[in-house]
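*Asks:* Would you be able to build a 3D model of this:
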Amino acid sequence: MLRTLLIALALSVSPVLPAVAQDTTAPAETATVLAPEPAAAPAAQSPAVQPPAPRETGPVAVPRPSEQAVRYHRSGNVLWIVSTLWGLLVPALLLFTGLSARIRTLAYRIGRKWFFALFVYLAVVAGLVWLADLPLAYYSGFVREHQYGLSNQSFGKWIGDSLKGLALGALTAPLALWVPYLLIRKSPRRWWLYSSLAAIPALVFVIWVSPVFVDPLFNKFGPMKDRALEARILETAGRAGIEGGRVYEVAKSEDTNAMNAYVNGFGSSKRIVLWDTLLGKMDDREVLFVMGHEMGHYVLGHVRNLLAIAILLTLLALYTVHRTSGALIAKHRRRFGFDELGDFASYPLLILITGVLGLLISPLLLAVTRHQEHESDRFGLELLQDNRAAAGAFAKLQEQNLAVPYPGTVYKLWRSSHPPLGERIDFANEYRPWETGQPLKYGEKFEKK
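*Replies:* Sure thing, here's the model as predicted:
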């Protein structure tokens, strides 16, 4: 049932790139500037008195995608179609074979009481779905990433993380689902509204607790090792009016060679997270722009806005279930093995309905997140006024993460939570209103700070 909700919650973590690496681009054409060979320096001259290298300011060319990047992009599109269809097929099989109802009956024999039976049922279903998804997840998350040189994760780490995710889902799903199922029994006509209201504090809690208790289960988080760069980041945050935010470095190099950064959390748990792979491959100016982009998410209220969207999506998803489930159950009650929505054997039906709904509204939701990412790019550019660093950061993300710069309209509408990197590089090269005296769109948010 929570497929649509999970989309919204995932988007509340706003990375520079989507969490799953886009089709990336190893540098196809890298311009190399050859300086004339210098004359021999006088013996007495010390390197310490040489002038610093001049700051580069010119535009950055959009890298051409390599053949490897194009293959990764195309195979990723096929994999997305397969995984989307598989995500609908599995709950459909649980429903139409009557397996969900048989698991419900078994759960009552084990748990006896309604809540404990619900807990047993969801644990068994979670395990079965995990097993059904395992071959595809293994190929997409482990084999394929190693084939393209994006992962250096050991199989032990991969399967361990997968099992942690399974355990976390099995423990938290009953806590999330007992309320709507209880409300369906108590208020069959208004359960969708009351459940949506109950979801508000739950969503806030999930966004608040995830950075502190969930994320560290999968990777090691700590303070930045480069204290001088951290000081520059905090000074920039002060200019942006951000107080109390914290910058973390996460050891992602044990899992991946890709680069990323993101902002998440709420209130006291808000934080900006940099992958150590990004810190190892970008220079200080590029890192500062990435931070300026992430600061834009804070200052422009994107986490708050995505929370509001998640609440609206919850309301829409549950209302859609309310309006459509009755007819489906009436038509297929014998095959389903239950005759009312309040029977928790209906859980795969909720997943199926919200999964279809999520697929239909994805273009609209992704358009919202692309707009937010674009405005965060604008904020970072206005804050730091370093176009080359911004364009250079995006070019490195494209090359390192095997992304294609202009993936096409269909990909953009249905898969892209961020603007295509080619568009972001072009914008970073061109957007410079401060040079012509034009007002800055977000200048009042950090000027005179």
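
*Asks:* Flag every buried residue along stretch 89-108.
*Replies:* Within stretch 89-108, the residues that qualify as buried are 90-91, 94-95, 98-101, 103-104, 107-108, counting by 16 or more other CB atoms under 10 Å. Just so you know, the C-beta spots here come from the backbone N, C-alpha and C atoms, and that holds for glycine as well.

*Asks:* Touching that stretch from outside, list them.
*Replies:* Surrounding stretch 89-108, the residues in contact under the criterion CB atoms under 8 Å, 6 or more residues apart in numbering are 117-118, 120-121, 124-125, 128-129, 132-133, 332, 335-338, 343-349, 351-352, 355.

*Asks:* Any idea how far apart the tips of it sit?
*Replies:* End-to-end distance for stretch 89-108: 26 Å, by CA to CA, to the nearest Å.

*Asks:* Residue numbering should commence at 606 henceforth.
*Replies:* Fine by me, first position is 606 from now on; the one you just mentioned is stretch 694-713.

*Asks:* tell me the average confidence for that stretch?
*Replies:* Model confidence over stretch 694-713, given as mean pLDDT, is 97.

*Asks:* and what of stretch 942-949?
*Replies:* Averaged across stretch 942-949, pLDDT comes to 94.

*Asks:* With just CA atoms, put that stretch into CSV.
*Replies:* What follows is the C-alpha trace of stretch 942-949 in CSV, where atoms were taken according to Å, rounded to 0.1, in the frame of the first residue of the first chain:
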residue,chain,number,x,y,z
GLY,A,942,-10.2,-15.3,-0.4
PHE,A,943,-11.7,-12.3,1.5
ASP,A,944,-14.8,-10.2,1.0
GLU,A,945,-13.9,-6.9,2.7
LEU,A,946,-11.1,-4.4,2.7
GLY,A,947,-10.8,-4.6,6.5
ASP,A,948,-9.4,-8.1,6.2
PHE,A,949,-5.6,-7.5,6.2
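
*Asks:* Would you mind listing the buried residues in the longest helix seen in the chain?
*Replies:* If each helix of the chain is counted by residues according to DSSP state H, the longest one is helix 952-989. Of all the residues in helix 952-989, those buried under the rule 16+ other CB under 10 Å are 952-960, 962-964, 967, 970-971, 974-975, 977-978, 980-989.

*Asks:* Any stretches of the stretch 906-1054 of the chain with poor pLDDT?
*Replies:* Flagging of the stretch 906-1054 of the chain using pLDDT under 70 yields the residue ranges 1052-1054.

*Asks:* all helices for it, in order.
*Replies:* Using DSSP state H, counting those that start in this stretch, the helices assigned to the stretch 906-1054 of the chain run over residues 907-941, 952-989, 992-1005, 1014-1019, 1026-1035.

*Asks:* And those: which comes nearest residue 893?
*Replies:* Comparing the helices of the stretch 906-1054 of the chain against residue 893 with CB to CB, the closest turns out to be helix 952-989 (6.0 Å).

*Asks:* The closest one: how far from the chain's middle?
*Replies:* The chain centroid and the centroid of helix 952-989 are separated by 10 Å, computed with CA atoms, centre = their mean, to the nearest Å.

*Asks:* Just want the angle from that helix to helix 992-1005.
*Replies:* When axes from the mean of the first three to the mean of the last three CA atoms, to 10 degrees is applied, the directions of helix 952-989 and helix 992-1005 differ by 150 degrees.

*Asks:* how many neighbours does residue 802 have?
*Replies:* Residues near residue 802, counting by other CB atoms under 10 Å, number 12.

*Asks:* List the buried residues of the strand or helix carrying it.
*Replies:* Under the criterion of DSSP states H and E, residue 802 resides in helix 796-814. Of all the residues in helix 796-814, those buried under the rule 16+ other CB under 10 Å are 796-797, 799-801, 804, 808, 811-813.

*Asks:* how about the strands in this protein?
*Replies:* 619-620, 826-827, 851-855, 866-869, 876-880 (DSSP state E).

*Asks:* Give me the distance between residue 964 and residue 825.
*Replies:* 35 Å (CB to CB, to the nearest Å).

*Asks:* Who are the contact partners of residue 1001?
*Replies:* Under the criterion of CB under 8 Å, 6+ apart, the contact list for residue 1001 reads 864, 886-887, 891.

*Asks:* Minimum distance to residue 743: which of the helices of the stretch 906-1054 of the chain has it?
*Replies:* Across the helices of the stretch 906-1054 of the chain, the minimum distance to residue 743, taken as CB to CB, is reached by helix 952-989, at 21.8 Å.

*Asks:* re the thing from before, so which of the strands of the chain comes closest to residue 673?
*Replies:* It's strand 876-880; of those, that one is closest to residue 673 (CB to CB) at 21.2 Å.

*Asks:* which other helices and strands contact the closest one?
*Replies:* Using 3 or more CB pairs under 8 Å, 6 or more residues apart in numbering; DSSP states H and E as the contact criterion, the elements in contact with strand 876-880 are strand 851-855, strand 866-869, helix 889-904.

*Asks:* what distance separates the shortest one from the middle of the whole chain?
*Replies:* This points to strand 866-869. Taking CA atoms, centre = their mean, one finds strand 866-869 lying 9 Å from the centre of the chain it belongs to.

*Asks:* for it, packing partners?
*Replies:* With contacts defined as 3+ CB pairs under 8 Å, 6+ apart, the secondary structure elements packing on strand 866-869 are strand 619-620, strand 876-880, helix 889-904.

*Asks:* Take these and write them to JSON lines, including mean neighbour count.
*Replies:* What follows is these, written out as JSON lines (neighbours: other CB atoms under 10 Å):
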{"stretch": "strand 619-620", "mean neighbour count": "23"}
{"stretch": "strand 876-880", "mean neighbour count": "23"}
{"stretch": "helix 889-904", "mean neighbour count": "24"}
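
*Asks:* among those, which is nearest residue 843?
*Replies:* Once CB to CB is applied to the helices and strands packed on strand 866-869, the stretch that comes out nearest is helix 889-904, at 10.3 Å.

*Asks:* coming back round to it: put the alpha carbons of the helix holding residue 802 into PDB.
*Replies:* C-alpha atoms of helix 796-814 as PDB (Å, rounded to 0.1, in the frame of the first residue of the first chain):
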ATOM      1  CA  TRP A 796     -11.100   5.600   7.300                       C
ATOM      2  CA  TRP A 797      -9.100   7.100   4.400                       C
ATOM      3  CA  LEU A 798      -9.500  10.600   5.800                       C
ATOM      4  CA  TYR A 799      -8.700   9.700   9.400                       C
ATOM      5  CA  SER A 800      -5.700   7.500   8.300                       C
ATOM      6  CA  SER A 801      -4.300  10.400   6.300                       C
ATOM      7  CA  LEU A 802      -4.600  12.700   9.300                       C
ATOM      8  CA  ALA A 803      -2.800  10.000  11.400                       C
ATOM      9  CA  ALA A 804      -0.100   9.800   8.800                       C
ATOM     10  CA  ILE A 805       1.000  13.400   9.300                       C
ATOM     11  CA  PRO A 806       2.800  12.900  12.600                       C
ATOM     12  CA  ALA A 807       4.100   9.600  11.400                       C
ATOM     13  CA  LEU A 808       5.600  11.100   8.300                       C
ATOM     14  CA  VAL A 809       7.200  13.900  10.300                       C
ATOM     15  CA  PHE A 810       8.700  11.300  12.700                       C
ATOM     16  CA  VAL A 811      10.000   9.200   9.800                       C
ATOM     17  CA  ILE A 812      11.800  12.200   8.200                       C
ATOM     18  CA  TRP A 813      13.200  13.300  11.600                       C
ATOM     19  CA  VAL A 814      14.400   9.800  12.800                       C
END
